[in-house]
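**Student:** Need coordinates for the following:
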Amino acid sequence: FIAGSVAAKEPFLLYLPLTSPHTPLAVTEEWKGKSKLNLYADFVMQTDATVGAVLDALDKQGIAENTMIIFTSDNGCSREADYPELLAKGHNPSYHFRGWKSDIFEGGHRVPFLVRWPDRVKPGASSSQLTCLSDLFATCAEILDANLPRDGAEDSLSFLPSALGKASDAARTTLV
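**Tutor:** Numbering: from 1, shown residues only. This is a model prediction of the structure:
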C-alpha cells in the first residue's frame, strides 16, 4: 500500500487497527516465547515488530521524514495479560498507575500516545497535554487545513499545537 501510494504520487492516510494486544492472544509461532515473560508479552513484541515493518516501509520509500505516525491504544492493558505473572517477573504493563482495561482507574485509561513526524515534531519531545482519541479528528482537519462544520466533531480538539511544541488556547483541561 505504501509503495503503491508513493508510486502513484498520492498522499495517503493509513489506518492500521491491529487486534493486538487484545484478546484472544493470537501470537504467531515465530513470536511465542520471545519475551521470556508470557504469551501476552510475546503478543506485544509481535505488535512492535509489525509497527516496525511499517516504519521500515516508510524509510524504504524515502517518505519517513514527512510522514506523521501516531501509535496509541484504545485502553489500558487487559487482565488477560496475567498481571501477577508479569509483576513477579518485574514488568508492570500499567506503569505506576492502578488498574487495567475495563475498570475506572487510570491504569485502564492512560495509554501510550506516540507521535513521529521528523519534519515537524521534535524527536524526544514530550507533552503532558491531556489528549483523547477523539482529538485525532480535529488534529487531522487542522493538518489538512480543512474547515469543520460548527456542529462537526464538537468533542474533538486539535493536539497539533502541543505536538509541535506550541501552547494552545484550545488545550483540553478535562475529559470524561
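**Student:** what's the nearest residue to the residue nearest the centre of the chain if we skip its chain neighbours?
**Tutor:** By CA atoms, centre = their mean, the mean C-alpha position of the chain lies nearest to Thr72, the distance being 1.6 Å. Nearest non-adjacent residue to Thr72, counting by CB to CB, 6 or more residues apart in numbering: Phe113, 4.6 Å away. Where you see a C-beta, it was placed from the backbone N, CA and C, and this is true even at glycine.
**Student:** The one you found and Phe137, how far apart?
**Tutor:** 15 Å (CB to CB, to the nearest Å).
**Student:** where are the low-confidence patches of this protein?
**Tutor:** Within the chain, the ranges that satisfy pLDDT under 70 run 170.
**Student:** Which parts of it are strands?
**Tutor:** Along the chain, counting by DSSP state E, strands occupy 69-72, 113-116.
**Student:** tell me what the last one is packed against?
**Tutor:** I take that to be strand 113-116. Here strand 113-116 touches strand 69-72, going by 3 or more CB pairs under 8 Å, 6 or more residues apart in numbering; DSSP states H and E.
**Student:** if we can go back for a sec, figure out which of the strands of the chain is closest to Ala57.
**Tutor:** Between Ala57 and the strands of the chain, the tightest spacing by CB to CB is seen for strand 69-72, at 11.2 Å.
**Student:** Mind listing the strands the closest one pairs with, and their directions?
**Tutor:** strand 113-116 (antiparallel) (DSSP bridges).
**Student:** Now do the buried residues in the partner strand.
**Tutor:** Neighbour-count burial for strand 113-116 flags Phe113, Val115 (criterion: 16 or more other CB atoms under 10 Å).
**Student:** gap between it and the chain center?
**Tutor:** On the basis of CA atoms, centre = their mean, to the nearest Å, strand 113-116 sits 6 Å off its chain's mean C-alpha point.
**Student:** Spit out the contact partners of Gln129.
**Tutor:** Listed by CB atoms under 8 Å, 6 or more residues apart in numbering, the contact partners of Gln129 are Phe159, Ser162, Ala171, Arg172.
**Student:** hmm, try it at 7 Å
**Tutor:** Contact analysis of Gln129 by CB atoms under 7 Å, 6 or more residues apart in numbering lists Phe159, Ser162, Ala171.
**Student:** One more: Val176?
**Tutor:** Val176 neighbours (CB under 7 Å, 6+ apart): none.
**Student:** follow-up on the earlier one: now, of the contacts of Gln129, which are buried?
**Tutor:** Neighbour counting over those (16+ other CB under 10 Å) leaves Phe159, Ser162 as the buried ones.
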